[in-house]
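> Got a sequence here, can you build the structure:
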Amino acid sequence: MSTLSAESAPGAAPRAARDAVPVPRGDGAAELAPRVRLWPALGAVYRAQLSRARVARIPLLFVATFQSIGIMVLLRGVVTPGPGPEAQAVVAGSSVLVVAFVALNLLAQHFGALRASGGLDHYATLPVPPAAVVLGAAAAYASFTVPGVLVTAVTGSLLYSLPVTGLWVLLAVIPLAGAALAGVGAALGLLAPRPELATLCGQLGMSAALLLGVLPPQALPEPLRWARELLPSTYGVEALAATFGPAPAWARVALDLGVCAAVGALGLALATWAYRRAAVR
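Here you go, the predicted model:
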C-alpha cells in the first residue's frame, strides 16, 4: 500500500518552496532554494497528513475507543467503583491507551511503511526541516485521538463513579502524552529495518501501555513497576488519575505533566535523528 501523503501531489508543496528559484551567485553557480522555516513547514505537513489520514478516521476512532471502553467494562467486575486507586488507574490508563494506540502503534506502522516504500526520498527533496516532517505527522495522527479520549474518560468516570470535574486536564494530557508516545512510535518505525518489524514494535509498545498503564501499580511486581516508570505514557496516566480523588493533587499533576513534556521532547528529538538517519540511506 502506498504511503505517499497528499503533499506529494503537484501544487501541494509549501508556497515558499514553490516560489523559490535558483539565485545566481558570483562564481556562476546557482544557490539551492532556501529552506522553509519550521512553523510554516510544520503547518503544511500537518495539513497534508491530516487530509491523508482523514479517510481512515472513523474506523480508527472506533477501534481505539471501543477497545479502551471494552477493557473498562471487563475490569468493572473485579474493580470496586469509587475514588479508590484501582478505579482511578483503570479509567486513566484506558483513556491514555487511546493515545497509545494511535501515536505509538499506528505511527510506527506509518513511518515503517513510508521508509519501505521510498516515501522518505520524497520528503528529503523538499526544503523542509526534518523536525517538521516528524512533528507534522505526529500531530496529525494525535489529533484523531481527542474524541476517543474524551468519550473514554467520560464513560469510565460514570462507570466507576468518579468525578468528571477534573477532566479538563486532558487538554494538557493528550498533547503531552501524545508527543511522548509519538516520538517513540516514529523512532521505532524509522529505525526498524523492515515494515513488519515496525508493526511488531508498535504492537509491543501498545501492549506495554495496556498492561503497565491500565493495571494499578500496587498490583504489579517490583520489576514491572520499574518498567512502568520508563514508559512515557505513565506520567500522563498518573496526572489524569490524580484528578479523580476527592482533593486533586495539582502539584503532582503539574510534576507528572512536566516529566511527560520532557520525555516528549526527548522522544521527538530521537525521532528527528532517526528520520535524518533513514533519509540519507
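
> Might one say that residue 187 is in contact with residue 267?
Yes: counting by CB atoms under 8 Å, residue 267 is a contact partner of residue 187 at 7.0 Å. Yep, even glycine has a C-beta here, placed from its N, CA and C like the rest.

> Which helix or strand contains the residue nearest to residue 160 when sequence neighbours are not counted?
Nearest in space to residue 160, with sequence neighbours left out and distances taken as CB to CB, 6 or more residues apart in numbering, is residue 87 at 4.2 Å. Using DSSP states H and E, residue 87 falls within helix 85-99.

> Which secondary structure elements does that helix sit against?
helix 57-75, helix 145-159, helix 170-191, helix 195-214, helix 234-241 (3 or more CB pairs under 8 Å, 6 or more residues apart in numbering; DSSP states H and E).

> contact partners of the first one?
Spelled out, that is helix 57-75. Counting contacts by CB atoms under 8 Å, 6 or more residues apart in numbering, the residues outside helix 57-75 that touch it are 53, 90-91, 94-95, 97-98, 101-102, 106, 144-145, 147-148, 151-152, 155-156, 159-160, 210, 214.

> Same question for stretch 236-244.
83, 85, 87-89, 91-93, 95-96, 99, 153, 157, 162-163, 166-167, 169-170, 172-173, 176-177, 180, 213, 248-250, 252-253, 256-257, 260.

> out of all of them, which helix in the chain is the longest?
Secondary structure of the chain per DSSP state H: the longest helix is helix 250-279.

> Quick one: distance of the helix or strand containing residue 52 to the chain centre.
If you go by DSSP H and E, residue 52 is part of helix 38-53. Distance of helix 38-53 from the chain centroid (CA atoms, centre = their mean, to the nearest Å) equals 15 Å.

> what's the angle from it to helix 57-75?
Interaxial angle, helix 38-53 versus helix 57-75 (axes from the mean of the first three to the mean of the last three CA atoms, to 10 degrees): 80 degrees.

> What is helix 38-53 packed up against?
Other helices and strands packing on helix 38-53, by 3+ CB pairs under 8 Å, 6+ apart, are helix 130-143.

> average model confidence for the helix it packs on?
Computed over helix 130-143, the mean pLDDT rounds to 83.
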